[in-house]
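Undergrad: fold the following.
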Amino acid sequence: MARVRAERVVTSGTFSLDGETFDVDNNVWLIGDDSEVLVVDAAHDAGAVIRAVAGRSVTAVVCTHGHDDHIGAAVDLAEHTGAPVLLHPDDLQLWHTVHPDRKPDGELADGQRLHVAGVAVQVIHTPGHTWGGCSLYVPFLNAVCTGDTLFHGGPGATGRSYSDRHTLENAIRERLLVLPSDTVVHTGHGTDTTIGAERPHVPAV
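TA: Numbering: from 1, shown residues only. You can find the predicted model right below:
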């Protein structure tokens with residue numbers, strides 16, 4: 001397990017919702033070792049992710065939420081690797097706007113434990129950016145992948161369809177800020193941060 005790590009792959013494309021489209025760079029995270037990995041948020045470019053996987057076994061393609069920039073390459077990656085796509089069921093409506101003819105292979109649920117390379121990955125339901133938003137806590141790495149729930153500088157965006165600011169801030173306070181302060185936050189866009197660094201940026205109740 002000493003070789004277990006989180007690897008970042010940056011892919012570029014667009015994010016579209018509510019009639020608007022934006023250019024974005026996304027972080028795709030590979031959690032695992034030299035033999036197998038779990039892919040978090042297969043964004044934009046399946047080929048780039050496949051090259052980073054470099055022949056390792058993919059145990060799952062996990063979607064932190066259903067926005068198109070986080071799931072666009074999930075189906076292609078799953079078909080190439082044979083790995084199941086996992087998504088929280090509250091984001092199925094968003095999923096079907098991108099992949100209308102294919103369902104995810106399995107559901108994410110709060111408290112669920114996934115396993116890769118001998119370590120556990122805990123699913124934490126953190127709704128608000130989307131209703132089905134989830135974070136993935138890896139105690140062995142002292143790290144959490146937060147998708148678009150928590151960034152360097154505070155909570156993710158709300159104000160669009162399927163989102164709510166109050167719900168997001170509550171989820172962050174109750175589910176993420178209780179993690180150890182030195183927990184590394186691997187975000188869906190931009191740079192890493194830590195739980196401790198973000199506590200001042202989340203409004204108190």
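Undergrad: any weak-confidence spans in the protein?
TA: Regions of the chain meeting the criterion pLDDT under 70 cover residues 1-2.
Undergrad: same thing but at 90, please
TA: For the chain, the stretches with pLDDT under 90 are 1-2, 204-205.
Undergrad: so who does the residue nearest the centre of it touch?
TA: For the chain, the residue nearest the mean C-alpha position is residue 64 (3.2 Å; Cα atoms, centre = their mean). The contact partners of residue 64, taken as Cβ atoms under 8 Å, 6 or more residues apart in numbering, are 40-41, 70, 133-136, 145-149, 188. Placement of C-beta: from N, CA and C, glycine included.
Undergrad: which residue, other than its chain neighbours, is closest to it?
TA: residue 147 (2.8 Å; Cβ to Cβ, 6 or more residues apart in numbering).
Undergrad: OK, contacts around the one you found?
TA: 40-41, 64-65, 70, 129, 133-135, 156, 187-188.
Undergrad: hmm, 6 Å instead?
TA: By Cβ atoms under 6 Å, 6 or more residues apart in numbering, the contact set of residue 147 is 64-65, 188.
Undergrad: what about it, distance to residue 47?
TA: Going from residue 147 to residue 47 by Cβ to Cβ, to the nearest Å gives 22 Å.
Undergrad: list the buried ones in stretch 8-24?
TA: 9, 11, 13, 15, 17, 24 (16 or more other Cβ atoms under 10 Å).
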